[in-house]
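# Have a look; sequence and predicted model below, questions after that.
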Amino acid sequence: MLVHQHRHVGVSHRSCSQAASIPLHTAPRNFHGVARPQVAANAPCLGKNSSSLRAAAQESEAAAAPQSACPFAGTALNPSAAATSAPPTDLSGPGWKVLPNGNVDNLPLAQGNFSWLPIIGEYGELESRGGGAFMLERFKKFGPVFTFKLGSYEMTTVVDYEAVRSLLQLGDSKVMTGWNPPALYAMLGEGTKRNLEDPAARAISRKLMAPGFSKEALRGYLRKIEAICVKQLEAWAAAGKAVDLRAEGKALSFEFSTQLLVDFDVPDEEKAAIKTKLDLLFQGMFAPPIQLPGTRFSKGLAAKAELQQDIMRIIKAGQARRQQQQQDGEQSSVFQYILEARRQTLSTDGTLSEQQMADAGIGLIIAGNDTSGLGISALLAILPLFPGVMEKLRKEQQEVIAKYGPDLSINVLDAMPYADAVVREVLRVAPPSAQVTRQTLVDMEVLGKFVPKGSRLLLSTLMGQVLTDPKLNPSLGSEQLQTLDRTWYTIDTKTLKQDFKPERWLVQQQQQQQDGSSSSSSSSSNRPSQLLTFSVGPHVCLGLTLFMHEAKVLLALLARGYSLDALNGEDVLLSATVVTQLKSNTQVRFGKVQQEAPVAAR
Ligand code: HEM
């Protein structure tokens, strides 16, 4: 297990009192009042996907997805080292640049970490106070680049939207690579560590996974998605009583996972037992790595060992069925696609060891299950607070039915801009993943701070999306920042009433259409806010489109035939730490509504 090293010895510190006078959102916006370096027109190629920063900045979320892939395919191919040649010296982006070797320009180090607690660090405070309040306090005090201690690791945290987005777009490069705390790898295995931290291994595994998320594959999953949603909505409506969204969002997502990601054919009781173990494993991933009886970490490890056995058994039992499906040219799950891609790619028969198959299955479910569950729970918790939004969704469905008929095909899902905007807005204000972590491979300057080679970066997508995005908060200044109180960002009804506006995504779509050449470099640099929840650039979540389809099918069916009432009044609904989750008591009631006749097509 890696041990935290204090890397800042011998580098001069400037007074941290400068943080009190941070100029915010000035033009060009920079939290330190320094003109931001722009991406050089001849920005060099950034790593193995052959996409320059400029090209990466232009690529759309969806287009980026299939380029490279999954950390969980358990590839045994020989990965190369992250960066072997000399580090680049002329790379820069909004708010950051690579520093030539040894030239630190007397820059101050980021500050904020005053915790010397081993293993736990500031984890407890982060969890109990909520990520929003915790981050805001540091931001006010130390500016948009600060440190804190996540377990044993000092995390250099960046909360500036443009810097975060630009750094994410680098992907694996000579500047940075993937990194995660050891607890995550303890749960997901060494293969996952290699696939997330070694660019060559990541590229191979992304390639193996990509077909499982292609348009063709999604088309194949669509009937299953619809059947799962109908069954669940009917059950909720039939219950006629309060539904606990925290449990039920996860339950729905688990059906997606077991039917679409891995295609488990097992009885419900066995599924329930697996779900419990997955929960324990997921909690272990984000716990301090303390291996003592009863700790979350130990429980996660025990669950992992059992899950491996369970999944190996299930995969073996389903082998004959899968082979038959393969012969029939049918791929019923992402896992099936991986096996097929691997068979085609390797000169051998491409068989994974049982252990590799089990790890790949667990990895897939972990990547997609809790994230999607939290997203669905948030969607269903937020929606009933906005009757106007529900009305617009119903109207959109009437128009869609009038134009295309009742079938939910991929083309029909693409013709639901408002439903799309609602899902995006939920994921913006309540992201199931609030940050992405990386490790720097070179010395850098980020927003006026020296970030030494080997630093662990926490790029706060949550803070960027809700606070520092200049398109959303153009007038945010240090004064306004100081007025945000300690409870920010609790995501209660009051916050949501101010912040939840699906229309902002429609404005963005219209603006892009008006721009015409949305792929030109000038329009891409002025591009309205982009959702960071799934990350952006070469590492972008492979399940992005799958999740959007699941959520839009659910919304379409809901708007066509069901009602949804909030039962929690003004109570706090969600809290954001490393993930955004519902408070345990968030409840709604589903009912059925009479479908209105479709309006005539315009
Ligand atoms: C609301 C739902 C989801 C959210 C918010 C989400 C978010 C993310 C984020 C933030 C990343 C990290 C990207 C980076 O390191 O820059 C990621 C990666 C990934 N996600 Fe998702 N995800 C979701 C659903 C899914 C689903 C349903 C799957 C299906 C298996 C999935 C598969 C993956 C995979 C394979 C990666 C690794 C990509 C790579 O490292 O190259 N995700 N996701």
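Noted; the coordinates are in hand. Residues are numbered from 1 along each chain as shown.
# Point out the residues in the stretch 151-300 of the chain that sit beside the ligand.
Near the ligand, the residues belonging to the stretch 151-300 of the chain are 168, 196, 202, 206, 209, 261 when assessed by CB under 6 Å from any ligand atom. C-beta: built from backbone N, CA, C; applies to glycine.
# do that again at 8 Å, thanks
Contact residues of the stretch 151-300 of the chain with respect to the ligand, defined by CB under 8 Å from any ligand atom, are listed as 168, 171, 178, 195-196, 202, 205-206, 209, 213, 256-257, 261.
# Widest-spaced pair of the residues you listed?
171 and 256 (26.9 Å; CB to CB).
# Looking at those two, which has the bigger crowd around it?
Taking other CB atoms under 10 Å, residue 171 and residue 256 do not tie; residue 171 has more neighbours (30 against 25).
# Next one, pLDDT for the more buried one please.
What the model reports as pLDDT for residue 171 is 83.
# so what's it closest to, chain neighbours aside?
Of all residues not flanking residue 171 in the chain, residue 538 sits nearest, at 3.0 Å (CB to CB, 6 or more residues apart in numbering).
# ok but residue 438 is inside a helix, no?
No. Counting by DSSP: H, G, I helix; E, B strand; the rest coil, residue 438 is not part of a helix but strand.
# Enumerate every residue touching it.
Taking CB atoms under 8 Å, 6 or more residues apart in numbering, we find residue 438 in contact with 167, 176-179, 456-457, 459.
# Just list whatever residues bridge to it.
Assessed by DSSP bridges, residue 438 has beta-bridge partners residue 178, residue 457.
# measure it to the ligand for me?
From residue 438 across to the ligand, the span is 8 Å (CB to the nearest ligand atom, to the nearest Å).
# Could you measure from that residue over to residue 282?
The gap separating residue 438 from residue 282 is 21 Å, by CB to CB, to the nearest Å.
# quick revisit: burial check on the residue nearest to residue 171, number of neighbours?
Using other CB under 10 Å, residue 538 has 27 other residues around it.
# For it, give its distance to the ligand.
From residue 538 over to the ligand the distance is 7 Å, taken as CB to the nearest ligand atom.
# tell me the secondary structure for that residue?
Here residue 538 is helix, with the state taken from three-state DSSP.
# Surely it is in contact with residue 177?
No. With contact defined as CB atoms under 8 Å, residue 538 does not count as touching residue 177 (11.2 Å).
# returning to what we had before: need the residues of the stretch 151-300 of the chain next to the ligand in JSON lines with secondary structure, can you?
Compiled in JSON lines, these are given as follows (three-state DSSP):
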{"residue": "168", "secondary structure": "helix"}
{"residue": "171", "secondary structure": "coil"}
{"residue": "178", "secondary structure": "strand"}
{"residue": "195", "secondary structure": "helix"}
{"residue": "196", "secondary structure": "helix"}
{"residue": "202", "secondary structure": "helix"}
{"residue": "205", "secondary structure": "helix"}
{"residue": "206", "secondary structure": "helix"}
{"residue": "209", "secondary structure": "helix"}
{"residue": "213", "secondary structure": "helix"}
{"residue": "256", "secondary structure": "helix"}
{"residue": "257", "secondary structure": "helix"}
{"residue": "261", "secondary structure": "helix"}
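# Check the burial of the nearest residue in space to residue 541 that is not next to it in sequence by counting its neighbours.
Nearest residue to residue 541, sequence neighbours excluded (CB to CB, 6+ apart): residue 534, at 3.8 Å. Per other CB under 10 Å, the neighbour tally for residue 534 reads 25.
# and residue 534, that one's in a helix?
No. Under three-state DSSP, residue 534 sits outside any helix and is assigned coil.
# Pull up the gap between residue 442 and residue 96, please.
Noted for residue 442: a distance of 11 Å to residue 96, by CB to CB.
# Pick out whichever of the two has more residues nearby.
Taking neighbours as other CB under 10 Å, residue 442 and residue 96 compare with residue 96 leading, 26 against 22.
# which residues touch the more buried one?
Going by CB under 8 Å, 6+ apart, residue 96 touches 37, 163, 166-167, 444-447.
# mind putting these in a markdown table, neighbour count included?
Converted to a markdown table, these look like this (neighbours: other CB atoms under 10 Å):
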| residue | neighbour count |
| --- | --- |
| 37 | 16 |
| 163 | 24 |
| 166 | 24 |
| 167 | 27 |
| 444 | 26 |
| 445 | 21 |
| 446 | 23 |
| 447 | 23 |
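# which one among those gets closest to the ligand?
Lowest distance from the ligand to the contacts of residue 96 (CB to the nearest ligand atom) belongs to residue 167, with 9.9 Å.
# shouldn't the closest one be in contact with residue 458?
No. Counting by CB under 8 Å, residue 167 stays clear of residue 458, with 10.9 Å between them.
# shared neighbours, these two?
Contacts common to residue 167 and residue 458, judged by CB under 8 Å, 6+ apart, are residue 158.
# Strands along the chain, start to end?
Under the criterion DSSP state E, strands of the chain are mapped to 92-93, 96-98, 145-150, 153-158, 176-178, 243-244, 436-440, 444-446, 449-451, 456-459, 562-566, 574-576, 580-582, 587-592.
# Around the ligand, pick out the residues from the stretch 501-602 of the chain.
So the stretch 501-602 of the chain meets the ligand at 533-544, 546-547, 550-551 (CB under 8 Å from any ligand atom).
# if we go to 5 Å?
Proximity of the stretch 501-602 of the chain to the ligand (CB under 5 Å from any ligand atom) is limited to residues 533-535, 539, 541-543, 547.
# Going by distance to residue 405, which of those residues wins?
Nearest to residue 405 among those, with distances taken as CB to CB, is residue 547, at 25.2 Å.
# For that closest one, give me its contacts.
Residue 547 is in contact with 368, 371-372, 375, 534, 541, counting by CB under 8 Å, 6+ apart.
# In the protein, which residue is most central in space?
Of all residues in the chain, the one closest to the mean position by CA atoms, centre = their mean is residue 534, 3.6 Å from it.
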